[in-house]
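In: Got a predicted structure plus its sequence, pasted below:
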Amino acid sequence: MNTTKIDATNQSFGRVASIIAKILMGKNRATYQAHLMPQEGVVVENILKIKFTGNKFQNKKYYRYSGYPGGISEETLAERWEKDPAIALRKTIYDMLPKNKLRSEIIKNLIIEK
């Protein structure tokens, strides 16, 4: 497995997440095939030094719905980041991966170091 190290210091949250998602999918290789499991791994360092542009840190909202009446809950990016920055980044990258059977396997190749 090929492992790529990414230093997230002073990089934008969304941009670093999209770069990581592309590497995990294997799109940086000439041998990319969408139906095959890529042998790519990513190690992300210094995620506590990621920068957020604009007012997204306070205004970006994430919604969950339980399926019951009145069961919608919302959470801002600041609240999610305060709980655990690694989970916030992992969820963002997970949502950027293709929605197929390989997604849960591809995300296992991501290692986040604070």
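Out: Looks like it came in fine.
In: got the residue ranges for the strands in this structure?
Out: Under the criterion DSSP state E, strands of the chain are mapped to 2-7, 40-45, 61-65, 72-76, 110-112.
In: mind giving me TSV with the ones you listed and columns for mean pLDDT and distance to residue 54?
Out: Any C-beta I mention is one placed from the backbone N, CA and C, and that applies to glycine too. Converted to TSV, those look like this (pLDDT from 0 to 100; distance: least, C-beta to C-beta, whole Å):
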stretch	mean pLDDT	distance to residue 54
strand 2-7	95	22
strand 40-45	96	22
strand 61-65	96	14
strand 72-76	97	14
strand 110-112	97	24
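In: need the ones you listed in JSON lines with mean neighbour count and distance to residue 17, can you?
Out: Listed next are the strands of the chain as JSON lines, based on neighbours: other C-beta atoms under 10 Å; distance: least, C-beta to C-beta, whole Å:
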{"stretch": "strand 2-7", "mean neighbour count": "13", "distance to residue 17": "10"}
{"stretch": "strand 40-45", "mean neighbour count": "18", "distance to residue 17": "9"}
{"stretch": "strand 61-65", "mean neighbour count": "10", "distance to residue 17": "14"}
{"stretch": "strand 72-76", "mean neighbour count": "12", "distance to residue 17": "17"}
{"stretch": "strand 110-112", "mean neighbour count": "17", "distance to residue 17": "10"}
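In: closest to residue 20 out of the ones you listed?
Out: If you check each of the strands of the chain against residue 20 by C-beta to C-beta, strand 40-45 wins as the nearest, at 5.2 Å.
In: Show me how far that closest one is from its chain's centre.
Out: Distance of strand 40-45 from its chain centroid, counting by C-alpha atoms, centre = their mean, to the nearest Å, is 11 Å.
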